[in-house]
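**Student:** got a predicted model here, sequence first, then my questions.
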Amino acid sequence: MADSTPATTPPQVDPPVGGIRITHLRSGLRGTSFTAAGGSLSLGRKTGLEIAFDGRLDFLVSGVHARIFQDEQRAWHIEDSGSTNGTALNGELLSMARRLRTGDVVTLGARAETDGAASFRVEVVGEALPTPRPMGPSVSPFRTSPSEEGPKPVVVPGNLQQAGAHHGGGAQDPDHAVPRQEGGFLGIKRIKGAISRFLDRREVQKQLNGLHSQLPSVRARAEQAAGALGRELWKTAPAVAEALPAKAELALYERECAEAEAQFRCACEELDSATSQFLSRQRQWQDSHSLREVAFQAARTEAADATSRATAADGAVNETLVPFLGALSGVREAIDSVLQKHADPAAGVHDDLQATGIRLQEAASICAAVPASVAELVAERDRWRRVASEAASRAEQASAALVESQAESDADAAGQALREREHEQARAAHAHHLGGLEQHHALAFTHLGQEALRSDAPDIRALGTYATACTAAEALEALEEKIANLQEAIAELA
């Protein structure tokens, strides 16, 4: 966004009656004022304009943002010059030229004051400050030209003919003190007139409140009818629409809506693609994880079987060694007995030696058969122990692979959840942006329809929605005129 240098503020002198003074409230020009006796003023960031803003501070203001001008009756008006962010008068975005009155606040670049926007207060020299009134247009956006606005007749209820000078409301009306009573008939007459004006003002205020409650629905119907006219004009008579200033705004929003829709579709496709890839990875992981589970179960079963066989082989070894150990125990007892008797010379050693020899021969025959069978059993036991150890090692590795595989899957799922949140947030942002553009797009159709009503071209009057839009616009204009008349009536009674 290009920077621009604010224009030098002219000497702050009071313009003649009917001139205008602009006091800057929020912008790079804050605290300064600009006065003009008449003519036309252009506002924006572009250098050389009558009121030029600083592009670094007032970045929401367009190059040529708005124009302030006088009509044939020297009434001041403001209109938006096709800015990007719009112009607001007393908080309401402008759709066409609107009259300026003393005390009005204009905001460039936003509906309300915000960073980057510029705002200023208007004073029409010689015009008194108005009584507080509801925010909203006092000039209908469907008028043919600003010059059509002139003095309006004040519609006053029948009992308002008794209104006189300034009234007093007594202690119940703190804004208007009761004037000091004068003696005699004149003082009583003034008091009665003040009371009558107070009652009349309250009645007018009640009527005004009723009309204000109707204003939103009437304005909505008028805008809806103008939007329908704009859509029909854009669709069926593009050549006529090309001649209207609002066609540039409408073409811009149509292009931006198309781009936003493409971005939204792209965000949806990215989310769908990420989800599809994740599901494909999950299917592949499930297949490999199932194979790892099968390998783990097989290794664990093999380890349990090998351990059982090793235990059985160990029992067979022990059963085979029992006779051998018993024979050795008998030989040991016989030898111990011989040795004890040999120590006693009177004992018969010969017979014991013969019995011991027999025992030794029996033990020798047992021991001759034992080693071969025991060696085979021991080898079988050791083999099953080795098989069990290897199977247990494989089962442990398979278990570790399962844990690692599950961790990878959990990490992938967590990453997918994060990606889905990011894609969903992006899609929601695109949807929100698209919704805002569609609202502006619909508003652009309304602007086109309003301009079509003001142009009053024969091709436009032939459209089917023209009569409905005219009726709705006239109803809104009549209601706004009634509201303005009642406001003036209240001012007269103040």
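**Tutor:** All right, it came through fine.
**Student:** how about the strands in the stretch 351-494 of the chain?
**Tutor:** Using DSSP state E, counting those that start in this stretch, no strands are found in the stretch 351-494 of the chain.
**Student:** tell me how far the residue nearest to the spatial centre of the chain lies from residue 260.
**Tutor:** For the chain, the residue sitting closest to the mean C-alpha position, by CA atoms, centre = their mean, is residue 429 at 5.9 Å. Distance, residue 429 to residue 260, using CB to CB, to the nearest Å: 10 Å. All C-beta atoms are positioned from the backbone trio N, CA, C, and that covers glycine.
**Student:** which residues does the nearest residue to residue 58 once chain neighbours are set aside bridge with?
**Tutor:** Spatial nearest neighbour of residue 58, chain neighbours left out: residue 118 (4.6 Å); criterion: CB to CB, 6 or more residues apart in numbering. In this structure, residue 118 bridges to residue 108 when assessed by DSSP bridges.
**Student:** what's the local residue count around residue 253?
**Tutor:** Applying other CB atoms under 10 Å, we find 20 other residues in the vicinity of residue 253.
**Student:** ok, now residue 21?
**Tutor:** By the criterion of other CB under 10 Å, residue 21 has 19 neighbours.
**Student:** any idea which element residue 25 lies in?
**Tutor:** Secondary structure assigned from DSSP states H and E places residue 25 in strand 20-26.
**Student:** quick one: strands adjacent to the very next helix or strand once past that strand?
**Tutor:** Reading on from strand 20-26 to the C-terminus, the next helix or strand found by DSSP H and E is strand 33-36. Here strand 33-36 is paired, per DSSP bridges, with strand 20-26 (antiparallel).
**Student:** that older thread, mind listing what the residue nearest to residue 58 touches?
**Tutor:** By CB atoms under 8 Å, 6 or more residues apart in numbering, the residues touching residue 118 are 24, 26, 27, 28, 29, 53, 58, 60, 61, 107, 108, 109.
**Student:** can you put those residues in a markdown table and add pLDDT?
**Tutor:** Output for the contacts of residue 118, formatted as a markdown table (pLDDT from 0 to 100):
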| residue | pLDDT |
| --- | --- |
| 24 | 94 |
| 26 | 89 |
| 27 | 89 |
| 28 | 88 |
| 29 | 91 |
| 53 | 93 |
| 58 | 89 |
| 60 | 89 |
| 61 | 92 |
| 107 | 95 |
| 108 | 95 |
| 109 | 90 |
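**Student:** closest one of those residues to residue 280?
**Tutor:** Residue 280 lies nearest to residue 60 out of these, by CB to CB, at 46.9 Å.
**Student:** list the contacts of that closest one.
**Tutor:** Residue 60 touches 85, 108, 109, 110, 114, 116, 117, 118, counting by CB under 8 Å, 6+ apart.
**Student:** ok, the fourth one to residue 324 distance?
**Tutor:** As defined by CB to CB, residue 110 lies at a distance of 106 Å from residue 324.
**Student:** all helices of this structure, in order?
**Tutor:** 185-236, 238-242, 246-342, 349-455, 458-461, 466-493 (DSSP state H).
**Student:** residue 253 and residue 228, how far apart?
**Tutor:** Taking CB to CB, one finds residue 253 at 17 Å from residue 228.
**Student:** now do residue 376
**Tutor:** Distance from residue 376 to residue 228, by CB to CB: 104 Å.
**Student:** between the two, who's got more neighbours?
**Tutor:** A direct count of neighbours by other CB under 10 Å for residue 376 and residue 228 places residue 228 higher, at 20 against 14.
**Student:** so who does the closest residue to the more buried one other than its chain neighbours touch?
**Tutor:** Take residue 228 and drop its neighbours on the chain: the residue closest to it by CB to CB, 6+ apart is residue 465, 4.6 Å away. Residues in contact with residue 465 (CB under 8 Å, 6+ apart) are 225, 228, 229, 232.
**Student:** you'd agree the second one is up against residue 468?
**Tutor:** What it means is residue 228. Yes. Judged on CB atoms under 8 Å, residue 228 makes contact with residue 468 at a distance of 7.2 Å.
**Student:** now do the residue nearest to residue 58 against residue 30, distance only.
**Tutor:** Distance, residue 118 to residue 30, by CB to CB: 9 Å.
**Student:** go on, residue 251?
**Tutor:** Distance of residue 251 to residue 30, given as CB to CB: 36 Å.
**Student:** quick check: which of the helices of the chain is nearest to residue 43?
**Tutor:** Shortest separation from residue 43 across these is recorded for helix 246-342, at 18.4 Å, computed as CB to CB.
**Student:** by contact count, what packs against that closest one?
**Tutor:** Contacts defined by 3 or more CB pairs under 8 Å, 6 or more residues apart in numbering; DSSP states H and E place helix 246-342 against helix 185-236, helix 349-455.
**Student:** pLDDT averaged over the first one - what is it?
**Tutor:** What that stands for is helix 185-236. Helix 185-236 shows a mean pLDDT of 80.
**Student:** please look at residue 431 and residue 263 and confirm they touch.
**Tutor:** No. At 9.9 Å, residue 431 does not count as touching residue 263 under the criterion of CB under 8 Å.
**Student:** for the protein, where's the lowest mean pLDDT among helices and strands?
**Tutor:** Lowest by mean pLDDT, DSSP states H and E among the helices and strands of the chain is helix 238-242, with a mean of 71.
**Student:** low-confidence ranges, the stretch 351-494 of the chain, go.
**Tutor:** The model of the stretch 351-494 of the chain has pLDDT under 70 over residues 351-357, 359-360, 362-373, 456, 494.
**Student:** kindly recompute the last result at 90.
**Tutor:** By pLDDT under 90, the weakly predicted segments of the stretch 351-494 of the chain are 351-402, 404-478, 480-494.
**Student:** from residue 295, how far off is residue 201?
**Tutor:** Residue 201 is 95 Å from residue 295, where distance means CB to CB.
**Student:** which pLDDT value belongs to residue 35?
**Tutor:** What the model reports as pLDDT for residue 35 is 92.
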